[in-house]
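> Generate a structure from the sequence data that follows.
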Amino acid sequence: MTHQSNSEQRRPRIRVAVFACTAIIAIAIDQLTKWVAQARLADGEPVAVIPGMLRFTLVHNPGASLGMGSNMTWLIALLAIVACAVLLVLGLRTRSMAWTVFLALAFAGAFGNLIDRVVHADGFLNGSVVDFLDYGWSVGNVADVFLMVAGVGIVVLILCNVPFLGRDGAGAAKGKDEGTC
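Sure, this is the predicted structure:
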């Protein structure tokens with residue numbers, strides 16, 4: 001019984017460490033790629049990467065996806081702060097490693113873009129996000145990729161019935177993220 005309670009006490013620490021490491025690495029990758037894009041790309045000048053599919057085009061986007069809400073940048077930033085807080089709480093409450101990873105990626109994506117809104121602001125949360133991945137129909141960044149991966153992953157977890165709080169009994173004791181898929 002003592003061994004099991006020690007193991008159960010360590011598991012939350014492991015999930016917190018996985019959340020923190022995943023988020024920190026993802027945020028670092030996002031910020032590094034944005035720094036490189038700003039250092040190497042001329043504003044608005046496209047560089048073909050995969051013809052017809054992907055170009056690098058530096059854009060400073062004050063709005064949300066597809067430039068929507070560009071006159072409400074402060075509201076988008078406030079929503080990002082709330083989203084980061086919620087994702088952090090959810091990431092700390094889950095008992096599922098799969099949920100932990102996808103929530104960490106979502107947190108990293110939201111926080112990476114929030115960093116831009118703060119760093120590139122000349123007023124109250126009115127900064128723009130550095131976008132450079134030009135798909136032809138939209139320009140985004142690595143934080144947006146993390147958000148998309150997290151969103152798809154969370155939908156898959158839901159569809160596969162992977163429990164957010166783990167299973168009672170043997171599945172939870174072994175720390176398995178079992179679902180129906």
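> So which other helices or strands are in contact with the lengthiest helix in the chain?
Counting by DSSP state H, the longest helix found in the chain is helix 2-40. Packing partners of helix 2-40 (3 or more CB pairs under 8 Å, 6 or more residues apart in numbering; DSSP states H and E): strand 54-61, helix 73-93, helix 97-119, strand 129-134, helix 142-159. Every C-beta, even on glycine, is put in place using the N, C-alpha and C of the backbone.
> Validate this expectation: residue 48 resides in a helix.
No. Counting by DSSP: H, G, I helix; E, B strand; the rest coil, one finds residue 48 to be strand, located in no helix.
> which regions of the chain lie under the pLDDT threshold?
Residue ranges of the chain with pLDDT under 70: 1-10, 65-70, 166-178.
> quick one: residue 97 from residue 43, how far?
In this view, residue 97 and residue 43 are 41 Å apart by CB to CB, to the nearest Å.
> my bad, residue 95
Distance from residue 95 to residue 43, by CB to CB: 46 Å.
> Then residue 111?
Distance of residue 111 to residue 43, computed by CB to CB: 25 Å.
> what does residue 90 give?
37 Å.
> the more surrounded of those two?
residue 90 (16 against 9; other CB atoms under 10 Å).
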